[in-house]
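Enquirer: Predicted model and sequence follow; I will ask about them next.
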Amino acid sequence: MKSPYESLIHLVVFLTNLRIVATGRWIIFIIAATICGAVTYFQNLVSYNYIAPQTGQHLTCTTDLVGNPDIFSVYVTDGRIAEMAREKLCSDQIIKRQYSEVKITIGQSDYDTFRYINHGVVDLALVKSNVVDAFGADQIYGLTEIASHPDYSAFFIALRERPELNKEYLLGKRIGLLDYPSSRSGHIVPKTIMQNLGLSDSNVDIIYYSSHQELRRALLAGDIDIISSYWAEDDNKKFSRNYATPLQESVSGMKWYLKMQTQNTDLFCAMQSVVHDIAMSHPRPYYKTITLEEGCN
């Protein structure tokens with residue numbers, strides 16, 4: 001039979017060995033977790049090199065540059081801008097010297113925009129500033145503002161009376177909205193207002209159109225009672241400002257951002273020239289108003 005003294009010694013030795021084994025197991029566990037985390041990180045890093053849009057489309061073109069696999073990636077949400085961007089970028093001399101291909105993604109939803117900006121996979125983008133700010137893309141990826149379009153207001157516009165923002169008034173009305181969910185004045189803001197009033201497609205006759213111009217034509221033709229849009233200068237000729245009810249006084253304007261991880265001033269100035277040409281060629285008056293950031297002659 002062991003003496004109490006021997007039993008105490010054996011207990012101390014056992015606990016010491018147990019602590020060593022447990023400590024060793026924790027060290028092994030921590031090392032394994034670190035390795036797994038690092039592998040996952042680099043796998044994800046590789047997979048982010050190309051991110052397919054959820055419902056978007058692509059326009060591409062190649063340059064004459066040989067031996068350089070770099071692709072100039074562009075993200076926009078307007079099909080007309082995408083077409084003009086491809087034409088102008090693919091003929092730009094700076095792009096031809098620095099990139100072998102231009103790839104333009106036309107996003108179809110805010111989800112597309114969030115993914116592309118959040119992962120920093122675009123070189124040039126036309127988006128809202130709040131998206132860039134939300135993900136810190138200017139600090140993380142060097143997205144730098146090179147040009148901006150003005151802020152604007154969203155309105156419910158009617159022909160013969162001022163629309164009221166209450167459920168009773170809007171019930172039974174034919175309301176024209178834009179069919180692309182990235183538009184704030186033509187989709188996001190009015191949808192939010194109606195949702196807050198307890199209105200939806202089930203109790204309001206919502207008719208979707210593909211452009212602000214089509215909204216205005218439908219209102220003038222009597223096909224709808226109210227449209228949701230911005231107030232353009234030309235609207236004073238056909239509509240009364242007295243019959244425009246503000247939905248949101250200030251909607252953040254669209255801005256052009258260029259990834260500037262190096263001091264590539266040639267590219268900066270070339271892209272300012274490209275986006276300015278796009279603005280002047282665009283049929284919508286809103287896009288024709290553009291302010292270029294300082295830095296180029």
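Expert: Now that the structure is in, tell me what you want to look at. Numbering: from 1, shown residues only.

Enquirer: Quickly find the element holding Phe72.
Expert: Assigned by DSSP states H and E, Phe72 falls within strand 71-76.

Enquirer: With adjacent residues omitted, what lies nearest to the residue nearest the centre of the chain?
Expert: Central residue of the chain (CA atoms, centre = their mean): Thr113, 2.9 Å from the mean position. Closest residue to Thr113 apart from its sequence neighbours, by CB to CB, 6 or more residues apart in numbering: Gly107 at 5.3 Å. The way it works is simple: take the backbone N, C-alpha and C, and place the C-beta from them, glycine included.

Enquirer: who does the strand holding Phe72 touch, helix- and strand-wise?
Expert: helix 79-89, strand 101-106, helix 110-119, strand 124-128 (3 or more CB pairs under 8 Å, 6 or more residues apart in numbering; DSSP states H and E).

Enquirer: residues touching the residue nearest to the centre of the chain, list them.
Expert: 75, 77, 107, 127, 131, 182 (CB atoms under 8 Å, 6 or more residues apart in numbering).

Enquirer: Now with 6 Å, please.
Expert: Residues in contact with Thr113, defined by CB atoms under 6 Å, 6 or more residues apart in numbering, are 107, 127, 131.

Enquirer: from the helices and strands packed on strand 71-76, which stretch is densest packed?
Expert: strand 124-128 (a mean of 23; mean count of other CB atoms under 10 Å).

Enquirer: Could you identify the helix or strand that succeeds it?
Expert: In N-to-C order, the element after strand 124-128 by DSSP H and E is helix 129-135.

Enquirer: for the helix or strand just after that next one, which positions count as buried?
Expert: Heading C-terminal from helix 129-135, the first helix or strand you meet, by DSSP H and E, is helix 137-140. By neighbour count on 16 or more other CB atoms under 10 Å, the buried set for helix 137-140 is 137-138.

Enquirer: Distance from the following helix or strand past helix 137-140 to the middle of the chain?
Expert: Sequence order places strand 143-148 as the next helix or strand after helix 137-140, per DSSP H and E. Strand 143-148 sits 14 Å away from the centroid of its parent chain (CA atoms, centre = their mean, to the nearest Å).

Enquirer: Can you spell out which helices and strands pack onto strand 143-148?
Expert: strand 254-259, helix 265-281 (3 or more CB pairs under 6 Å, 6 or more residues apart in numbering; DSSP states H and E).

Enquirer: Please save the CA atoms from the first one in PDB.
Expert: Written as PDB, here are the backbone C-alpha positions of strand 254-259 (Å, rounded to 0.1, in the frame of the first residue of the first chain):
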ATOM      1  CA  MET A 254     -22.800  59.300 -59.700                       C
ATOM      2  CA  LYS A 255     -19.000  59.500 -59.500                       C
ATOM      3  CA  TRP A 256     -16.200  58.000 -61.600                       C
ATOM      4  CA  TYR A 257     -13.500  56.200 -59.600                       C
ATOM      5  CA  LEU A 258     -10.100  55.000 -60.900                       C
ATOM      6  CA  LYS A 259      -7.900  52.500 -59.000                       C
END
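
Enquirer: Which strands or helices does it pack on?
Expert: strand 124-128, strand 143-148.

Enquirer: For Ile94, which non-adjacent residue is closest in space?
Expert: Closest to Ile94 by CB to CB, 6+ apart is Ala270, at 3.9 Å.

Enquirer: CA atoms only for stretch 151-161, dumped as CSV, please.
Expert: Only the C-alpha atoms of stretch 151-161 are listed here, as CSV (Å, rounded to 0.1, in the frame of the first residue of the first chain):
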residue,chain,number,x,y,z
ASP,A,151,-26.5,65.5,-56.8
TYR,A,152,-30.2,65.6,-57.5
SER,A,153,-33.7,65.3,-56.0
ALA,A,154,-36.3,62.6,-56.5
PHE,A,155,-39.9,63.6,-57.2
PHE,A,156,-43.4,62.2,-57.8
ILE,A,157,-44.5,64.1,-60.9
ALA,A,158,-48.1,64.4,-62.2
LEU,A,159,-49.8,66.4,-65.0
ARG,A,160,-52.7,68.2,-63.3
GLU,A,161,-52.3,68.0,-59.6
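
Enquirer: Contacts for it next, please.
Expert: 163, 185, 189, 226-228, 230-231, 239, 243-253.

Enquirer: rerun that using 8 Å as the cut-off
Expert: 163, 165, 175, 184-185, 189-190, 219-220, 222, 225-231, 235, 239, 243-253, 286.

Enquirer: do stretch 218-235 as well
Expert: Contacts for stretch 218-235 (CB under 8 Å, 6+ apart): 152-159, 163, 170, 173-178, 185-187, 189-190, 207, 209, 212, 215-216, 238-239, 241, 244, 247, 251, 285-286.
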